[in-house]
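> Structure for this input, please:
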Amino acid sequence: MNKENFYKIENIKFRLPQSYYECFTTQLAFICYYYYREYWKLFLDQEIIYNPANNENVLSFNSHILDSIYNYYGISLISVSFNDFIDNIDISTNLYLVTYRMYLYPPSKHLQIEDHDIQHAFIVYGKKDDKIFIYDAFYGLTKYEMKLDMFLKGVKQIDFLSIAKNKHDISNQHLDQKINKYIQSLDTYLLSEIYTNFLKSNYSEKVLMNIKEIAMLKEKNSLIINCIAERMNSEPLKICASIISIVIKEWNSLWYNLMKDEIRYYRIPEDIFNNTIEIIPTILENEQILYDEMKSLLCKNSIYDELVAKSLEYLSLTEMIDFNIYSEFNGVTIIQFIVFIEDNFQLSINYTELLEIKSFSKLLLELYKRILLSKIQKT
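I've put the predicted structure just below:
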């Protein structure tokens, strides 16, 4: 890799939570970030598959990540031999994704891995003399050096990262179609069915892993939803997305609490397991409320649209424009307006908490946030 890029990559700080992203996915996400400063489209096509007839694999997860990294970012993984790698690493301006025997990898030795089939993925970006330079986004290593003989000892596979010119320039129309399809497919029905028919009273280590995988999938959903809101530059959608993120984090809290019990009891007693997962229907219900609102925002028939329409009518305004509400209306009128909103949306508002908000549009967004929060149950 040339000197300019050599210093460029080692100065990039990139880290994803290990509890949500395994090493292979983390390295691919970094590669997208390195070239395009984003990675959220990697997860647009992820799916969860319910197989109730398969007792061994009731749930399966398909990330489609290798298809997505090419379809959205034009990046292909091309396997190369050790010899080709050694011959070209000094002059290559591309990155390499390496799969390595984990028990030989020094940063993971503290895990005391005994299974020699377990592998770890990292990125190689350069070589100098007998040293290989590694970027490992999973462990947060930006310039890890490894002796060449040690590197070759643990390598399982080396993939050259080929970048298709202009492939990233996916048409906005096509991406909008994908985003619309993604949003319309947001539904908690499948997980509700799984909870009812499978999780309840069926504790096993496999179930615990499934809950963990659901938490991982949900975290990526949260990432996508927030990026969609930013891309559309919709303030109501951003508020909805931020609340969805909070609700989705309950999945990881659920898994974390179960893991604590697993460590404490070695095998979680059935009553403790069932009591712990009782939170799932509430999480699913809250998610669905917010997913439905997100869909409604795109169709202009959302709670936010209703709030705007009623506010304009009450204040005798003809269109939604921003202004200093205290310049146009006296204090009594504003209090009357807040009471009107309370009565129409079943809220209880402390008016003094809103006194600092002078902008009419920001006031409506704050009221919208409170309406959404009032609709979801406390977990």
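> Which positions within the host helix or strand of Glu213 qualify as buried?
Under the criterion of DSSP states H and E, Glu213 resides in helix 205-232. Residues 207-208, 210-212, 214-229 are the ones in helix 205-232 that count as buried (16 or more other CB atoms under 10 Å). Where C-beta positions appear, they are placed from N, C-alpha and C, glycine not excepted.
> Give the next helix or strand downstream of that helix.
Sequence-wise, the next helix or strand downstream of helix 205-232 (DSSP H and E) is helix 235-265.
> contacts for the following helix or strand past that next one?
On the C-terminal side of helix 235-265, the closest following helix or strand by DSSP H and E is helix 270-276. Contacting residues not belonging to helix 270-276 are listed as 200-201, 203, 254, 257-258, 261, 265, 268 [CB atoms under 8 Å, 6 or more residues apart in numbering].
> Buried ones in helix 270-276, by neighbour count?
Going by neighbour count (16+ other CB under 10 Å), the buried part of helix 270-276 is 273, 276.
> just stretch 230-246 next, same as before
Buried residues in stretch 230-246, counted by 16+ other CB under 10 Å: 234, 236-241, 243-245.
> And the chain, split by domain according to the record?
As given by automatic domain parsing, the domain ranges for the chain are 3-163, 172-296, 303-375.
> Can I get those in CSV including mean pLDDT?
Shown next, in CSV, are the domains of the chain (pLDDT from 0 to 100):
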stretch, mean pLDDT
domain 3-163, 87
domain 172-296, 90
domain 303-375, 93
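> quick revisit: mind giving me the packing neighbours of the helix holding Glu213?
In terms of contacts (3 or more CB pairs under 8 Å, 6 or more residues apart in numbering; DSSP states H and E), helix 205-232 is packed against strand 47-50, strand 59-62, helix 172-184, helix 235-265.
> Now do it: distance to the chain's middle.
Offset of helix 205-232 from its chain centre (CA atoms, centre = their mean, to the nearest Å): 5 Å.
> Can you check what angle separates it from helix 235-265?
Interaxial angle of helix 205-232 relative to helix 235-265 (axes from the mean of the first three to the mean of the last three CA atoms, to 10 degrees): 160 degrees.
> Taking helix 172-184 as reference, get the angle to helix 205-232.
140 degrees.
> So for stretch 86-100, first residue to last residue, what's the gap.
The first residue of stretch 86-100 is 16 Å away from its last residue (CA to CA, to the nearest Å).
> Run through the strands of the stretch 51-200 of the chain in chain order.
59-62, 75-80, 96-101, 119-128, 131-136, 141-147, 155-163 (DSSP state E, counting those that start in this stretch).
> Tell me the helices and strands packed up against the shortest one.
Okay, so that is strand 59-62. Using 3+ CB pairs under 8 Å, 6+ apart, the elements in contact with strand 59-62 are strand 47-50, helix 205-232.
> So which elements touch the shortest one?
Just to be clear, that refers to strand 47-50. The contact analysis (3+ CB pairs under 8 Å, 6+ apart) places strand 47-50 against strand 59-62, helix 189-194, helix 205-232.
> 6 Å instead, please
For strand 47-50, the elements it packs on are strand 59-62, judged by 3 or more CB pairs under 6 Å, 6 or more residues apart in numbering; DSSP states H and E.
> export the strand it packs on as CSV, just CAs?
Provided in CSV are the C-alpha atoms of strand 59-62 (Å, rounded to 0.1, in the frame of the first residue of the first chain):
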residue,chain,number,x,y,z
LEU,A,59,-34.4,-19.9,13.9
SER,A,60,-31.9,-19.2,11.2
PHE,A,61,-30.4,-15.8,10.3
ASN,A,62,-29.2,-14.8,6.8
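> how about it: buried residues?
So strand 59-62, judged by 16+ other CB under 10 Å, has buried residues Leu59.
> contacts for it?
The contact list for strand 59-62 (CB atoms under 6 Å, 6 or more residues apart in numbering) reads 47-49, 210, 213.
> quick one: which of the residues you listed is nearest Glu56?
Asn210 (11.9 Å; CB to CB).
> ok, the closest one - contacts?
Here Asn210 is in contact with Leu59 (CB under 6 Å, 6+ apart).
> and what of the one 10 residues further on?
The neighbours of Lys220, taking CB under 6 Å, 6+ apart as the test, are Phe43.
> In the contacts of strand 59-62, find the pair that's most separated.
Longest span within the contacts of strand 59-62, CB to CB: Glu47 and Asn210, 14.4 Å.
> Nearest residue to the middle of the protein?
Nearest to the mean C-alpha position of the chain, by CA atoms, centre = their mean, lies Lys220 at 2.4 Å.
> Could I have the CA atoms of stretch 278-297 written out in CSV?
Taking Å, rounded to 0.1, in the frame of the first residue of the first chain, the C-alpha atoms of stretch 278-297 are listed here in CSV:
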residue,chain,number,x,y,z
GLU,A,278,-42.0,-12.0,30.1
ILE,A,279,-40.8,-8.7,28.9
ILE,A,280,-40.7,-9.8,25.3
PRO,A,281,-44.4,-9.1,24.4
THR,A,282,-44.1,-5.5,25.8
ILE,A,283,-40.9,-4.9,23.7
LEU,A,284,-42.6,-6.3,20.6
GLU,A,285,-45.8,-4.2,21.2
ASN,A,286,-43.7,-1.0,21.7
GLU,A,287,-41.7,-1.8,18.6
GLN,A,288,-44.8,-2.3,16.5
ILE,A,289,-46.3,1.0,17.6
LEU,A,290,-43.2,2.8,16.5
TYR,A,291,-42.8,0.9,13.2
ASP,A,292,-46.4,1.7,12.4
GLU,A,293,-45.8,5.4,13.1
MET,A,294,-42.7,5.3,10.9
LYS,A,295,-44.7,3.9,8.0
SER,A,296,-47.4,6.5,8.6
LEU,A,297,-44.9,9.3,8.5
